[in-house]
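Enquirer: generate a structure from the sequence data that follows.
(4 chains)
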2 protein chains.
Amino acid sequence: MNAALTLVGKGRHFASLGIREVTRQAGVVPTSFYRHFRNMDDLGLQLVDELGLVLRRMMREARNNVLQADKLMEESVGIFISHVQANRSFFFFMAQGLAGESRAVQEGIRSELRFFASELANDLRRLRLADHLSDADLDLTCDLVVRTVAFSLTDLLGVSPDDDYQIEQIRKRTTRFLQLVFVGAAHWQSGEA
Amino acid sequence: MNAALTLVGKGRHFASLGIREVTRQAGVVPTSFYRHFRNMDDLGLQLVDELGLVLRRMMREARNNVLQADKLMEESVGIFISHVQANRSFFFFMAQGLAGESRAVQEGIRSELRFFASELANDLRRLRLADHLSDADLDLTCDLVVRTVAFSLTDLLGVSPDDDYQIEQIRKRTTRFLQLVFVGAAHWQSGEA
DNA sequence: TACCGTTGTGTACAGTTGTTCACTTATGTG
DNA sequence: CACATAAGTGAACAACTGTACACAACGGTA
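Expert: From the prediction side, this is the model:
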């Protein structure tokens, strides 16, 4: 799994990886692959599971560090970006998988995102930051937030990890996107659709 | 190019396509490939160009059909969805390319999206629908709109093209996302960041 | 009609791929 | 220690890959 991730981190697309290639990178004979996975799809699914862990760690850190509500978005986006930097390959895999070859991997990642959005909704409820929104409208908002951040991932992975200027631009832009969404949510009234 | 697109439409990922595979699908001998393209990346780039045409057609139709501002979003999302249905393979290619293997293709698609966002900003200015926003804030809003729609693409491509119920759900959800963004834009004041 | 540039063909080759099988080696538990 | 299970090995296979080359059919223009 590390080998596959490494290759993805080097810019290869997961869908184009072969068994021999992965085992070569892992420094192991091709047949060893079958001791652990049935095929590449299987490996992909297990990577999705590990990705889930990465996302949960990120969520936990965000929850711990965002105590006062006013800096909520800046801090969260910052944490997001630093986790992406620290687990670049994983997030490459995630970005690729969203439109990937394997339906199962695709669905796995999508469901991680859904989970993330629902946890976010819980937190906002708990912090009483969304009292005027119905459950459905809060879900809508959180879904949009997660999508926006997920799309920023594409930007982030497109620039070199030490191009601090560009990363800062992405950070600011993403933060403003979220502010825009929350301003929308603050003035949202259910009936208006 | 049609052959490659067909394979992508069948669920294959562009990055995993080979020259022989594509020529086989095209009903042509492998060597013929080199009469038209230097390699698969080259083919991808030419597909991006054609994708540009598809997007421009879509934009034109949206401009013609959205005369009264009140139904702007419903109509636009509808047009978007019908174009996706009519050019499914192209949009598969686009969704894949955003996190694809070839940096050039990736940048090409991204620049199509930027163009799209800037045209959208022009239109909104022209229709005087965004008079209270600075140019920068209007750009921000339009960028977010385009991203949101682009992400919906992933949802749309994930469901069967004749699953009318699910498509309708996506249509409604995407529309509401856009409404949320525009409510945000309407109440946005530059200073608040 | 003769000609030329474009597209397509057939053959060839060396390298890579996924998968199989019988085998050795490592690892941790009773 | 002995032993069962897990992990890794090496050789072999047929199938497939990208690419090269010399040659043939096509289409339009002079």
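Enquirer: spatially central residue in chain A, please.
Expert: Closest to where the C-alpha atoms of chain A average out (C-alpha atoms, centre = their mean) is residue A:150, at 5.5 Å.
Enquirer: and the residue lying closest to that one once chain neighbours are set aside, how many neighbours?
Expert: Here the nearest residue to residue A:150 in space, its sequence neighbours aside, is residue A:113; by C-beta to C-beta, 6 or more residues apart in numbering or on different chains that works out to 6.3 Å. Where you see a C-beta, it was placed from the backbone N, CA and C, and this is true even at glycine. Neighbour count for residue A:113, taken as other C-beta atoms under 10 Å in any protein chain shown: 20.
Enquirer: assign residue A:113 to helix, strand or coil.
Expert: Following DSSP: H, G, I helix; E, B strand; the rest coil, we place residue A:113 in the helix state.
Enquirer: and the residue in chain A that DNA strand D sits nearest to, what's its pLDDT?
Expert: At 3.3 Å from DNA strand D, residue A:31 is the closest residue in chain A, using C-beta to the nearest atom of the strand. You'll see residue A:31 listed with a pLDDT of 97.
Enquirer: list the contacts of residue A:54.
Expert: Listed by C-beta atoms under 8 Å, 6 or more residues apart in numbering or on different chains, the contact partners of residue A:54 are A:83, A:87, A:90.
Enquirer: neighbours of residue A:164, how many?
Expert: Close neighbours of residue A:164, defined as other C-beta under 10 Å, add up to 10.
Enquirer: name the nearest residue to the residue in chain A positioned nearest to chain B, sequence neighbours excluded.
Expert: For chain A, the residue closest to chain B is residue A:184, as judged by C-beta to the nearest C-beta, at 2.9 Å. Sequence neighbours aside, residue B:184 is the residue nearest to residue A:184 in space, at 2.9 Å (criterion: C-beta to C-beta, 6+ apart).
Enquirer: tell me which element residue A:50 is part of?
Expert: helix A:40-65 (DSSP states H and E).
Enquirer: helices and strands around the helix or strand following that helix, which ones?
Expert: Using DSSP H and E, the helix or strand that follows helix A:40-65 in sequence is helix A:72-86. Other elements packing on helix A:72-86 under the criterion 3 or more C-beta pairs under 8 Å, 6 or more residues apart in numbering or on different chains; DSSP states H and E are helix A:40-65, helix A:135-158, helix A:164-186.
Enquirer: between helix A:135-158 and helix A:72-86, find me the angle.
Expert: 40 degrees (axes from the mean of the first three to the mean of the last three C-alpha atoms, to 10 degrees).
Enquirer: buried sites along helix A:72-86?
Expert: For helix A:72-86, burial by neighbour count (16 or more other C-beta atoms under 10 Å in any protein chain shown) applies to A:72, A:73, A:74, A:75, A:76, A:77, A:78, A:79, A:80, A:81, A:83, A:84.
Enquirer: could you do stretch A:38-51 as well?
Expert: Of the residues in stretch A:38-51, those buried (16+ other C-beta under 10 Å) are A:40, A:43, A:44, A:45, A:47, A:48, A:51.
Enquirer: turn these into CSV, including distance to DNA strand D.
Expert: Below are the buried residues of stretch A:38-51 laid out as CSV (distance: C-beta to the nearest atom of the strand, whole Å):
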residue, distance to DNA strand D
A:40, 15
A:43, 13
A:44, 18
A:45, 17
A:47, 17
A:48, 20
A:51, 21
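Enquirer: ok, the residues you listed vs residue B:155, which is closest?
Expert: The shortest gap between residue B:155 and any of those belongs to residue A:48, at 18.0 Å (C-beta to C-beta).
Enquirer: quick check: chain neighbours aside, which residue is closest to that closest one?
Expert: residue A:108 is the one closest to residue A:48 (C-beta to C-beta, 6+ apart), at 3.8 Å.
Enquirer: okay, the angle between the helix or strand where that neighbour lies and helix A:135-158?
Expert: In this assignment (DSSP H and E), residue A:108 forms part of helix A:103-126. Angle, helix A:103-126 to helix A:135-158, by the same axes, to 10 degrees: 120 degrees.
Enquirer: for helix A:103-126, output the C-alpha coordinates as CSV.
Expert: Taking C-alpha atoms only, helix A:103-126 is exported to CSV below (Å, rounded to 0.1, in the frame of the first residue of the first chain):
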residue,chain,number,x,y,z
ARG,A,103,-16.8,2.2,-8.9
ALA,A,104,-16.2,0.8,-5.4
VAL,A,105,-13.3,3.1,-4.6
GLN,A,106,-15.3,6.0,-5.9
GLU,A,107,-18.2,5.2,-3.7
GLY,A,108,-15.9,4.7,-0.8
ILE,A,109,-14.4,8.1,-1.1
ARG,A,110,-17.8,9.7,-1.6
SER,A,111,-19.1,8.1,1.5
GLU,A,112,-16.1,9.4,3.5
LEU,A,113,-17.0,12.9,2.3
ARG,A,114,-20.6,12.4,3.3
PHE,A,115,-19.5,11.3,6.7
PHE,A,116,-17.3,14.3,7.0
ALA,A,117,-20.2,16.6,6.1
SER,A,118,-22.5,15.0,8.6
GLU,A,119,-19.9,15.3,11.4
LEU,A,120,-19.5,18.9,10.5
ALA,A,121,-23.2,19.5,10.7
ASN,A,122,-23.2,17.9,14.2
ASP,A,123,-20.4,20.2,15.3
LEU,A,124,-22.1,23.3,14.1
ARG,A,125,-25.3,22.3,15.9
ARG,A,126,-23.4,21.5,19.0
